[in-house]
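**Student:** return atomic coordinates for the entry below.
(2 chains)
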There are 2 protein chains.
Amino acid sequence: MGNKAITSRDIDFAKWYTNVVQAAKLIDYSSVKGCMIYEPNGYAIWEKMQSVLDKKFKETGHQNVYLPIFIPESLFAKESELIAGFAPEGAWVTHGGESKLEERLLVRPTSETLFCDYYSKIVTSYRDLPKLYNQWANVVRWEKETRPFLRSREFLWQEGHTIHETAKEAEEETLRMLNIYKNFFEEYLAIPVIVGRKTEKEKFAGAEYTYTIESLTYNGVALQSGTSHYFGQKFAKAYDVKFKNRNNEDEYVYQTSWGVTTRMIGALIMTHSDDFGLVLPPKIAPRQVVIVPIGNDEKLLNICEDLLKKLNNAGITTFIDKTEKTPGFKFAEHEVNGIPVRIEFGLRDFENKKVTLARRDTRERIQVELDDNIVNAVQNLLDDIQVNLYNTAKKRRDEKTYECHTYEEVEKIMNTNPGFIKAMWCGLEECEIKMKDIKGTKSRCILENEKAIDDKCVVCGKRANKLVVWGIQY
Amino acid sequence: MGNKAITSRDIDFAKWYTNVVQAAKLIDYSSVKGCMIYEPNGYAIWEKMQSVLDKKFKETGHQNVYLPIFIPESLFAKESELIAGFAPEGAWVTHGGESKLEERLLVRPTSETLFCDYYSKIVTSYRDLPKLYNQWANVVRWEKETRPFLRSREFLWQEGHTIHETAKEAEEETLRMLNIYKNFFEEYLAIPVIVGRKTEKEKFAGAEYTYTIESLTYNGVALQSGTSHYFGQKFAKAYDVKFKNRNNEDEYVYQTSWGVTTRMIGALIMTHSDDFGLVLPPKIAPRQVVIVPIGNDEKLLNICEDLLKKLNNAGITTFIDKTEKTPGFKFAEHEVNGIPVRIEFGLRDFENKKVTLARRDTRERIQVELDDNIVNAVQNLLDDIQVNLYNTAKKRRDEKTYECHTYEEVEKIMNTNPGFIKAMWCGLEECEIKMKDIKGTKSRCILENEKAIDDKCVVCGKRANKLVVWGIQY
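**Tutor:** Okay, here's the model as predicted:
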């Protein structure tokens, strides 16, 4: 039996998700339809994600910039696939102050347009390349159905936009950033991901190709979790981003873009959390340890303060809960908030020179000595939780990954215990579309580095050379 | 004689400012009228400001949140002064996707509305108070005339929004945050500020009162640099933010808001920079030291790498310029970019076991021993630059601060060598307005903690008990 405010995830996953998001105070609905309020607990996770990723971006030579939130319609329309892809979900500013604008402005759904426009002004020679820029920003897409973290009309993200002298360099960049995302998911979020290339139908509007990382939720639904695009010279031609190459000839730049969003918080929840609330991997938890003194005894509180200092000095983010609530109430609250480790310390513990460590993932409680080794004990427990969460998620993902050979097999699995389907595909869009009849199953990605299955197309039965992962779309 | 790309600040200050902004690659104009592109050099300064302030906000118990960028018109209109103040410069979204919205949405010019709306949902008891929230965000105000960093249609800022159980607590918060701003300006930006209360005419739309910090540019113009507002219960009443107080009675919360913006970068430039380009106080410079090896000799580069490591380990942000440009070109570039200290190291230095330190503020070059003391020598020089910039700015500000007794005196000063004018004021708005005839002179703030001048109102000559600082408005 879990937290009373939370429906069991095995009974109603959608309701469970909403309950967790609200019980852990991550997000609240706002009075603006389709837009969310990121509450302190939710925003702190985003800040932690930002700090880790920002460091990785800078270590690989990227610089942050900030471009305007508005894009003039005519500028946006220069790249035909882009406008076709994004216009249906655009939010348009038509009035500034008391007068109607001469040209309406699109609230950015993505910033390729303005980056290209900017690049066209600042790049003249191969000596100006590469430009490795990133932007942390809010973007707007007028979605019809919204869901906390997963889909909302405004969301937060980072968008990297780089230009290069050669196709090779740009393609390497596309893969480099994809790998940063993959490692971030596995090492920090403890979420295993499948990596591959999007089909023509599913790629980003205007890209030559799109790489993606795909995760699987507890209930077997696929989540596109991060994408990295190679544009070749498509945008460069549309926006006239040229440079003099080493032969002193005009050439269009080679371009990439890549992004991850606040959706990652949704992926975290749907992978690790349980009927008691949020579960956070220690490496991404804004607060890793809470100390709960049981009672107000001064000598007890002194020891807690001492422990707090030791843990924080060791780089373990710790706080003490000295509020006047009952211990039971505090335990439940820190549990629902997903604090990875809770340290309970009462008078009897004081006498026995022990403390109780409660780990959030398995909810086990263990007694350990309160001695010089306590910091190590806590650190080891945090490490253990991080590994355990990853292993649990990976085991489940692997168990829910099926190799299928017929359309009927796919139907059966998706209707009973859905997950990732590995199956061959002939490459025809009509076959891809036919898969949607099975509960909205879509191609997630083409596996390029995995040995193909010796089989025909799972839909039409004709010759096939693409090994595709399929999943029900969130 | 300064940098060739930069007009002298003594000849044409406005042009000088634009030249510095562009030569140091801080901002570029975008294709979106009135909106700017924050380039890597400019955005890095903002990131540094954010990191320092964010830490101070968190240390004083504030939490970050993120609220939607859109505000429904009817919700915004609930507070009559707010809508009157901001509607004339609102940007309005009228279409979402392919259809017209039922109600148009204001792109946030400030977020009191949504914070109040949110607070009204989450606060029920005095036990829920205070709420100490802050938001880092972009905001939009449809300005007619724009200027890099100082005024643009979209800008970046932080907005703190807090609610409290008592007026006393809220008023203390208003002052606490004002002081954080003041200290940040003086300690990090090396900019002396005058602190005081805005007049009724100049206060924030909807506030009970507004505190401000005001700085003075090199050419004697006043810059409002940060504000902290006390709202009392005005917004709480408009948005129905009530709580059960300790007597179990319904009461409206007491509220504050406070903010600083990317305008701070403009203040930095206009205070410290010179005809050679940007000058940055070391404590806010994203990169504090550049090492320029003169030549490619390997033993020389090894020593540079070694020095780089030592300085970075000591917490001094350092980089090496190994590009193929000439030393002279590099020197000029790092100078225009405002790197506080440049270390020059050539073969002769190698032989003499010395390096040359060039300080950006005074442009002096000194030789020091390349021994174990080198890190200290660099740190001391950085400290010295920080102090020198503050003292220079303070001396100039003080020299340009005048006590005036007659309207004619004010006229004469503002027309020859403008600055801050201290003069008594009777409190009538018509006198305040009459000051505008003198080159747009406005009240900057009322000095509350300074002894009044024994004098009459500088405009009407009637009894006056308010000591006011006046200045030409940027």
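
**Student:** pull the number of nearby residues for A:A358.
**Tutor:** Using other C-beta atoms under 10 Å in any protein chain shown, A:A358 has 21 neighbouring residues. From N, CA and C alone the C-beta is placed, and that goes for glycine too.

**Student:** same check, this time on the one 10 residues further on
**Tutor:** For A:V368, the tally of surrounding residues (other C-beta under 10 Å) stands at 17.

**Student:** what do you get for the one 5 residues further on?
**Tutor:** Using other C-beta under 10 Å, A:N373 has 11 neighbouring residues.

**Student:** what about the residue lying farthest from the centre of chain A, which SS state?
**Tutor:** Ranked by distance from the centre of chain A (C-alpha atoms, centre = their mean), the top residue is A:E351, with 45.5 Å. Here A:E351 is helix, with the state taken from DSSP: H, G, I helix; E, B strand; the rest coil.

**Student:** from B:T392, how far off is it?
**Tutor:** Per C-beta to C-beta, to the nearest Å, A:E351 is found 63 Å from B:T392.

**Student:** got the end-to-end distance for stretch A:138-158?
**Tutor:** From its first residue to its last, stretch A:138-158 covers 8 Å (C-alpha to C-alpha, to the nearest Å).

**Student:** on the three-state scheme, A:P282 is what?
**Tutor:** coil.

**Student:** and it, what pLDDT?
**Tutor:** Per-residue pLDDT puts A:P282 at 98.

**Student:** equivalent analysis for A:M1, please.
**Tutor:** 69.

**Student:** after the lengthiest helix in chain A comes which helix or strand?
**Tutor:** Identified as the longest helix of chain A according to DSSP state H is helix A:374-399. Reading on from helix A:374-399 to the C-terminus, the next helix or strand found by DSSP states H and E is strand A:401-403.

**Student:** using CSV, write out every CA atom in the following helix or strand past that next one.
**Tutor:** Moving toward the C-terminus from strand A:401-403, the next helix or strand (DSSP H and E) is helix A:407-416. This file holds the C-alpha atoms of helix A:407-416, laid out as CSV (Å, rounded to 0.1, in the frame of the first residue of the first chain):
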residue,chain,number,x,y,z
TYR,A,407,2.3,-7.8,-37.4
GLU,A,408,0.1,-10.1,-35.3
GLU,A,409,2.9,-10.6,-32.8
VAL,A,410,3.3,-6.8,-32.5
GLU,A,411,-0.5,-6.5,-32.0
LYS,A,412,-0.6,-9.1,-29.3
ILE,A,413,2.3,-7.6,-27.3
MET,A,414,1.2,-4.0,-27.6
ASN,A,415,-2.3,-5.0,-26.4
THR,A,416,-1.1,-7.0,-23.4
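
**Student:** what packs against helix A:407-416?
**Tutor:** strand A:420-425 (3 or more C-beta pairs under 8 Å, 6 or more residues apart in numbering or on different chains; DSSP states H and E).

**Student:** so what's the gap between stretch A:298-314 and the chain middle?
**Tutor:** With C-alpha atoms, centre = their mean, to the nearest Å as the basis, stretch A:298-314 stands 35 Å off its chain's centre.

**Student:** and that stretch, what's buried?
**Tutor:** A:L300, A:L301, A:I303, A:C304, A:L307, A:L308, A:L311 (16 or more other C-beta atoms under 10 Å in any protein chain shown).

**Student:** average pLDDT for it, rounded please.
**Tutor:** The model assigns stretch A:298-314 a mean pLDDT of 95.

**Student:** any idea what the closest residue to A:D250 other than its chain neighbours is bridged to?
**Tutor:** Leaving out its chain neighbours, the residue that sits closest to A:D250 by C-beta to C-beta, 6 or more residues apart in numbering or on different chains is A:K242, at 5.1 Å. Beta-bridge partners for A:K242, by DSSP bridges, are A:Y252.

**Student:** what's the separation between the most centrally placed residue in chain A and chain B?
**Tutor:** For chain A, the residue nearest the mean C-alpha position is A:M264 (2.2 Å; C-alpha atoms, centre = their mean). Distance, A:M264 to chain B, using C-beta to the nearest C-beta, to the nearest Å: 15 Å.

**Student:** can you tell me the element that residue falls in?
**Tutor:** Going by DSSP H and E, A:M264 is in helix A:263-272.

**Student:** and the next element down the chain from that helix?
**Tutor:** Using DSSP H and E, the first helix or strand after helix A:263-272 is strand A:289-293.

**Student:** only the C-alpha atoms, please, for that next one, written as PDB.
**Tutor:** C-alpha atoms of strand A:289-293 as PDB (Å, rounded to 0.1, in the frame of the first residue of the first chain):
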ATOM      1  CA  VAL A 289      20.000  13.500   2.300                       C
ATOM      2  CA  VAL A 290      17.600  14.700   5.000                       C
ATOM      3  CA  ILE A 291      18.400  14.400   8.700                       C
ATOM      4  CA  VAL A 292      15.300  13.900  10.900                       C
ATOM      5  CA  PRO A 293      16.000  14.400  14.600                       C
END
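
**Student:** okay, the angle between that strand and helix A:374-399?
**Tutor:** Angle between the axes of strand A:289-293 and helix A:374-399 is 130 degrees (criterion: axes from the mean of the first three to the mean of the last three C-alpha atoms, to 10 degrees).

**Student:** report the buried residues of strand A:289-293.
**Tutor:** Quick answer for strand A:289-293 (16+ other C-beta under 10 Å): A:V289, A:V290, A:I291, A:V292, A:P293.

**Student:** and stretch A:451-465, by the same measure?
**Tutor:** A:D455, A:K456, A:C457, A:V458, A:V459, A:A464.

**Student:** surely A:I45 meets A:P286?
**Tutor:** Yes. Using C-beta atoms under 8 Å, A:I45 is in contact with A:P286, at 6.1 Å.

**Student:** who has more neighbours, these two?
**Tutor:** A:I45 (24 against 19).

**Student:** rewinding a little: which members of the buried residues of stretch A:451-465 are the farthest-apart pair?
**Tutor:** Put simply, by C-beta to C-beta the two of those set farthest apart are A:D455 and A:V459, 11.8 Å from each other.

**Student:** below-threshold pLDDT in chain A: ranges please.
**Tutor:** Residue ranges of chain A with pLDDT under 70: A:1.

**Student:** C-alpha coordinates for the helix or strand harbouring A:K330, PDB please?
**Tutor:** Assessed by DSSP H and E, A:K330 sits inside helix A:327-336. Provided in PDB are the C-alpha atoms of helix A:327-336 (Å, rounded to 0.1, in the frame of the first residue of the first chain):
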ATOM      1  CA  PRO A 327       8.400  12.200  12.700                       C
ATOM      2  CA  GLY A 328       5.900  10.000  10.900                       C
ATOM      3  CA  PHE A 329       4.600  13.000   8.900                       C
ATOM      4  CA  LYS A 330       8.100  14.000   8.100                       C
ATOM      5  CA  PHE A 331       9.100  10.600   6.900                       C
ATOM      6  CA  ALA A 332       6.100  10.500   4.500                       C
ATOM      7  CA  GLU A 333       6.800  13.900   3.200                       C
ATOM      8  CA  HIS A 334      10.500  13.300   2.400                       C
ATOM      9  CA  GLU A 335       9.500  10.000   0.900                       C
ATOM     10  CA  VAL A 336       6.900  11.500  -1.400                       C
END
